[in-house]
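> sharing a model that was predicted from the sequence below.
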Amino acid sequence: MRKVKIKSMEDIEALPEGEWVEVPKGLHAKFYYEVSKKGDKLMITLPKGVSKKLKGELFAFFDDDKIVIEKA
């Protein structure tokens, strides 16, 4: 495993997919995406590539002040 300094979202996205990464002191990050509401629908615009990974049936629920989305 090689050491990599993370300075941006691009650095995180460049990490090898499907491989483990070690974060000894943890990773504290907040990701903000565009959120809009249309009637009873909440629409979240995700970065490129993320929606491809989440395609298919999804299940969403509230956990305190968070919305958790899982593959069904």
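Looks like it arrived, so ask away. Numbering: from 1, shown residues only.

> so where do the strands sit in the protein?
Under the criterion DSSP state E, strands of the chain are mapped to 34-38, 41-45, 58-63, 66-71.

> any weak-confidence spans in the chain?
Under the criterion of pLDDT under 70, the regions of the chain flagged as low confidence span 1, 30-32.

> if we go to 50?
Low-confidence segments of the chain, defined by pLDDT under 50, are absent.

> who's in contact with the residue lying closest to residue 59 once chain neighbours are set aside?
Counting by Cβ to Cβ, 6 or more residues apart in numbering, the nearest residue to residue 59 once its immediate chain neighbours are dropped is residue 72, at 4.7 Å. All C-beta spots, glycine's among them, are computed from the backbone N, C-alpha and C. The neighbourhood of residue 72, defined by Cβ atoms under 8 Å, 6 or more residues apart in numbering, consists of 56-59.

> residue 7 too?
Neighbours of residue 7 in contact, by Cβ under 8 Å, 6+ apart: none.

> from residue 64, how far off is it?
Taken as Cβ to Cβ, to the nearest Å, the spacing of residue 7 relative to residue 64 amounts to 30 Å.

> what of residue 51?
Applying Cβ to Cβ, the value for residue 51 to residue 64 is 25 Å.

> what do you get for residue 34?
When Cβ to Cβ is the yardstick, residue 34 and residue 64 sit 23 Å from each other.

> more neighbours, those two?
The residue with more neighbours, out of residue 34 and residue 64 and counting by other Cβ atoms under 10 Å, is residue 34; that gives 8 against 5.

> ok, that one touching residue 44?
Yes. The pair formed by residue 34 and residue 44 meets the contact definition of Cβ atoms under 8 Å, at 7.3 Å.

> good, we can wrap up now.
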